[in-house]
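1. Compute the structure for the input listed below.
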Amino acid sequence: MADRSKKKEKHRLKREKKRLAARKNNSFSPLSLLRRGEGELECLISKNWEKEGIAAIYVLGTAAGRNVLAGFLVDAWCVGLKDSWGEQNVSRLDFNDLIERVSATMPMKRIDADEAAELVKSAVYFPGKNGFALPAGWTKWAAIFGPIDFNHDIDLSRFTKNGKLLYVGSESFLRRRLKGSTVEQFLGRPDVTFLMGADPEMGRALSDDEDEDDSQDFAFDGEEDDDDGDPVDEEEIDEVVKEITPQFSPLLISAAEEMMTTVNDELHRRHVLPHPRLYEAIGYLASMSTTAAALKALNAASLDREQTEAGLNYLMMVNKETDRAGLWKAIYQVLELTEGRTGGEGESGMLQLPVA
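-> Residues are numbered from 1 along each chain as shown. Okay, the predicted model is just below:
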């Protein structure tokens with residue numbers, strides 16, 4: 001009888017211990033548990049990030065039966081950790097739905113949690129070397145990886161482009177995030193090349209290894225363009241560009257900044273990271289939007305779908321774009337975020353541009 005009583009007491013104590021442990025876990029948020037190294041992580045990263053220079057990382061952390069979602073945008077060629085965000089107590093269904101939506105425009109692949117943590121760690125260290133501030137609140141969401149020493153064993157072997165910084169983005173972003181230098185000083189550095197959309201005032205700095213003969217001409221649907229029309233008179237076009245640039249630059253910059261604000265707001269609202277080339281796409285669309293606004297001011301006909309597509313393809317040709325299929329995917333994402341139309345088509349069959 002005494003042995004039986006001891007066994008009952010032992011089981012009771014064991015059950016009580018489990019209840020106390022469960023109560024203790026429930027008193028902490030899943031993120032706080034992950035910060036202590038408790039829990040499991042599932043990580044995905046944009047498949048072509050090393051080629052494109054931008055890594056979108058999604059992490060689902062699970063602790064005490066609850067989930068945390070964290071996202072990181074890493075610019076490996078210049079800015080380092082460009083953005084971070086997250087949400088606690090998300091469901092597995094919501095996470096799967098998010099990855100499915102993201103994968104529609106940006107192929108994703110699974111990555112080991114340690115490798116993802118090391119990449120974020122390097123992205124946190126990299127900006128300080130190059131004069132950039134880190135995004136607000138990054139420490140909260142980086143905690144999903146558990147204890148990380150951000151001061152030692154930093155691997156920057158996959159950062160920079162051909163030994164130089166290659167900035168792709170807007171001037172307004174530089175003004176927000178640069179520290180210790182002006183935009184002009186940063187862009188004037190010998191170790192910096194840049195691509196700031198289609199802004200004619202800023203232009204494009206080509207890297208030394210880019211070759212004009214490498215460009216490919218794709219039609220809108222990604223198939224080869226069989227149009228053998230008249231050759232383009234590049235000298236005549238250059239003269240026209242020089243003539244209209246002073247007049248349209250302010251409008252173009254305004255259109256790009258307004259589009260950028262709308263897109264960033266929507267990205268955060270929907271918890272979606274941008275396509276790696278989204279900010280370039282904004283530059284191209286701002287150029288076409290400015291053209292459409294100019295035609296409207298002159299009471300001329302609006303740009304139809306074919307003209308818009310041709311104009312965007314022409315800008316890509318001028319900029320020696322070699323991955324037009326990828327850029328078109330980014331353009332679709334901008335149009336979806338700004339107009340709410342997947343694929344970027346309106347009821348009339350026109351490619352709908354945000355109004356400048």
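2. residue boundaries of the strands in this structure?
-> Secondary structure of the chain (DSSP state E): strands at 40-46, 54-63, 66-75, 80-88, 108-111, 165-168, 192-195.
3. Report all helices and strands that the last one contacts.
-> Yep, that's strand 192-195 we're talking about. strand 165-168 (3 or more C-beta pairs under 8 Å, 6 or more residues apart in numbering; DSSP states H and E). All C-beta spots, glycine's among them, are computed from the backbone N, C-alpha and C.
4. Show me which positions of stretch 312-323 end up buried.
-> If you call a residue buried by 16 or more other C-beta atoms under 10 Å, then stretch 312-323 has these buried ones: 312, 313, 315, 316, 317, 318, 319, 321, 323.
5. Where is pLDDT lowest across the residues you listed?
-> Among the buried residues of stretch 312-323, residue 318 carries the lowest pLDDT, at 73.
6. that older thread, which stretch among the strands of the chain comes nearest residue 269?
-> Judged by C-beta to C-beta, the one of those that comes nearest to residue 269 is strand 80-88, at 10.8 Å.
7. tell me the angle the closest one makes with strand 66-75.
-> 160 degrees (axes from the mean of the first three to the mean of the last three C-alpha atoms, to 10 degrees).
8. tell me the angle of strand 80-88 relative to strand 54-63?
-> Using the same axes, to 10 degrees: strand 80-88 against strand 54-63 is 30 degrees.
9. can you list the residues that contact strand 80-88?
-> With contact meaning C-beta atoms under 8 Å, 6 or more residues apart in numbering, strand 80-88 is reached by 29-31, 54, 66-75, 120, 122-127, 130, 132, 134-135, 137-138, 140-142, 144, 159, 268, 271, 273.
10. For it, which strands pair with it and how are they oriented?
-> Counting by DSSP bridges, the strands paired with strand 80-88 are strand 66-75 (antiparallel).
11. Could you pull up the residues touching residue 90?
-> Neighbouring residues of residue 90 by C-beta under 8 Å, 6+ apart: 60, 67, 68, 69.
12. Now do the residue nearest to the second one when sequence neighbours are not counted, the pLDDT please.
-> When you say that, I think you mean residue 67. Counting by C-beta to C-beta, 6 or more residues apart in numbering, residue 67 lies nearest to residue 90, which is 5.1 Å off, once chain neighbours are set aside. Looking at residue 90, its pLDDT reads 91.
13. ok, now residue 328?
-> If you check residue 328, the pLDDT there is 84.
14. how many neighbours does it have?
-> Using other C-beta atoms under 10 Å, residue 328 has 22 other residues around it.
15. Same check on the one 4 residues further on?
-> Neighbouring residues of residue 332 were enumerated by other C-beta under 10 Å; the total is 20.
16. same check, this time on the one 5 residues further on
-> Residue 337 is flanked by 22 other residues according to other C-beta under 10 Å.
17. what residues are up against it?
-> By C-beta under 8 Å, 6+ apart, the contact set of residue 337 is 262, 263, 266, 267, 270.
18. rerun at 6 Å
-> By C-beta atoms under 6 Å, 6 or more residues apart in numbering, the contact set of residue 337 is 263, 266.
19. How much space separates it from residue 194?
-> As judged by C-beta to C-beta, to the nearest Å, residue 337 and residue 194 stand 24 Å apart.
20. Check residue 276 too.
-> Residue 276 is 16 Å from residue 194, by C-beta to C-beta.
21. the more surrounded of the two?
-> Counted by other C-beta under 10 Å, residue 276 and residue 194 do not tie: residue 276 has more neighbours, with 24 against 20.
22. and stretch 270-286, which residues are buried?
-> Applying 16+ other C-beta under 10 Å to stretch 270-286 flags 271-286 as buried.
23. Format the CA atom coordinates belonging to it as PDB.
-> Below are the C-alpha coordinates for stretch 270-286, written out as PDB (Å, rounded to 0.1, in the frame of the first residue of the first chain):
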ATOM      1  CA  ARG A 270       0.600  42.800 -46.800                       C
ATOM      2  CA  HIS A 271       3.700  41.500 -45.100                       C
ATOM      3  CA  VAL A 272       5.400  40.900 -48.400                       C
ATOM      4  CA  LEU A 273       9.100  41.600 -49.200                       C
ATOM      5  CA  PRO A 274       9.800  43.200 -52.600                       C
ATOM      6  CA  HIS A 275      10.900  41.500 -55.700                       C
ATOM      7  CA  PRO A 276      14.700  41.900 -55.800                       C
ATOM      8  CA  ARG A 277      14.300  44.300 -58.800                       C
ATOM      9  CA  LEU A 278      11.200  46.100 -57.600                       C
ATOM     10  CA  TYR A 279      12.900  49.500 -57.100                       C
ATOM     11  CA  GLU A 280      14.400  49.400 -60.600                       C
ATOM     12  CA  ALA A 281      10.900  48.600 -61.900                       C
ATOM     13  CA  ILE A 282       9.600  51.700 -60.200                       C
ATOM     14  CA  GLY A 283      12.200  53.800 -62.000                       C
ATOM     15  CA  TYR A 284      11.000  52.400 -65.400                       C
ATOM     16  CA  LEU A 285       7.300  52.800 -64.600                       C
ATOM     17  CA  ALA A 286       7.900  56.400 -63.300                       C
END
